[in-house]
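Asker: build me a model:
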Amino acid sequence: MLDDKFAYLTLSLSYIVAWLVIFVKNPWKGGMIKVGIVGGIMGMIAEIWYFHDYWKPPTLFGIGIIGIEDFIIGFALFGVGGYIHSSFTKLEIDYDRQTPARNRDFFFLWLIGCASLSLFSLILNIHSGYVTFLTFMALSVYIWSQRPDLICLSLVSGVATLAITLFIYFINFQLLFPHFWDTYGMLEEPILGSKILGIPVSEILWHFSWAVLCSMFRGFRNGVYYKETS
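Answerer: Model prediction:
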């Protein structure tokens, strides 16, 4: 059996494998790398909220310490969630239809997301598992209202990412580290701690809602529209 300190690392590296598969098939490789770097940084920052009440995973440097694993998984999840549609749909950019970039609106959405997690989780002490899912979905609904053409793309991305997550989690947390969530998770809240195939519902909700939201970033922020390939 592997030492528990490798549990988070093997999870992160498994997502890198998924990232590589999508990267090979994705025509927007430069954007995927840039987004991944931002995601890696956000992966480390996000533990401010999640170490509070969600989990304290073992890392190479100790338990509940921000580490390289956070950067790796953040890098991978931004790329997988943001670009998985390039592998599971036949969409390409519609260069005949484009609107001005909405960088300011996108920045405000990011601020709202961070403020929501900080206010409801850290200050009001509502479990971050609930807050994250509801925040991601609320932001998604707003983008849907502005760009209904992205609804289908986002839902396909959410389902496809969730399928990958179920496969990775089954291997990592059923076969390699079956005791992980009972030992390092803080998911005693209703619904969140319930498990499907040994996977906490909170993780299923997190990965689905994240991919739904993340998949729309490029289209919404840059005013990019997609069309079916001929």
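Asker: show me where the protein has its helices.
Answerer: In order along the chain, the chain carries the following helices (DSSP state H): 7-25, 29-45, 47-53, 68-83, 85-88, 103-116, 128-146, 151-170, 180-184, 201-214, 217-222.
Asker: Serialize those helices to a markdown table and add fields for mean neighbour count and mean pLDDT.
Answerer: For every residue, glycine as well, the C-beta is placed using N, CA and C. Shown next, in a markdown table, are the helices of the chain (neighbours: other CB atoms under 10 Å; pLDDT from 0 to 100):
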| stretch | mean neighbour count | mean pLDDT |
| --- | --- | --- |
| helix 7-25 | 18 | 95 |
| helix 29-45 | 16 | 94 |
| helix 47-53 | 18 | 94 |
| helix 68-83 | 24 | 96 |
| helix 85-88 | 20 | 79 |
| helix 103-116 | 13 | 95 |
| helix 128-146 | 19 | 97 |
| helix 151-170 | 19 | 95 |
| helix 180-184 | 17 | 94 |
| helix 201-214 | 23 | 96 |
| helix 217-222 | 20 | 93 |
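Asker: make TSV out of these and add distance to Gly62.
Answerer: Written out in TSV, the entries for these read as follows (distance: least, CB to CB, whole Å):
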stretch	distance to Gly62
helix 7-25	11
helix 29-45	15
helix 47-53	12
helix 68-83	12
helix 85-88	36
helix 103-116	26
helix 128-146	21
helix 151-170	23
helix 180-184	12
helix 201-214	22
helix 217-222	33
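Asker: of those helices, which approaches Arg97 most closely?
Answerer: helix 217-222 (11.2 Å; CB to CB).
Asker: helices or strands up against the closest one?
Answerer: Based on contacts counted as 3 or more CB pairs under 8 Å, 6 or more residues apart in numbering; DSSP states H and E, the elements that helix 217-222 packs against are helix 29-45, helix 103-116, strand 224-228.
Asker: nearest to Lys195, of these?
Answerer: Proximity to Lys195, assessed across the helices and strands packed on helix 217-222 by CB to CB, is greatest for helix 29-45 (23.9 Å).
Asker: so that closest one versus helix 68-83, what angle?
Answerer: Angle of helix 29-45 versus helix 68-83, following axes from the mean of the first three to the mean of the last three CA atoms, to 10 degrees, is 140 degrees.
Asker: relative to Gly198, how far out is Leu153?
Answerer: Separation of Leu153 from Gly198 (CB to CB, to the nearest Å) stands at 30 Å.
Asker: ok, now His207?
Answerer: His207 sits at a distance of 15 Å from Gly198 (criterion: CB to CB).
Asker: longest strand in the protein, by residue count?
Answerer: The strand that spans the most residues within the chain, counting by DSSP state E, is strand 91-98.
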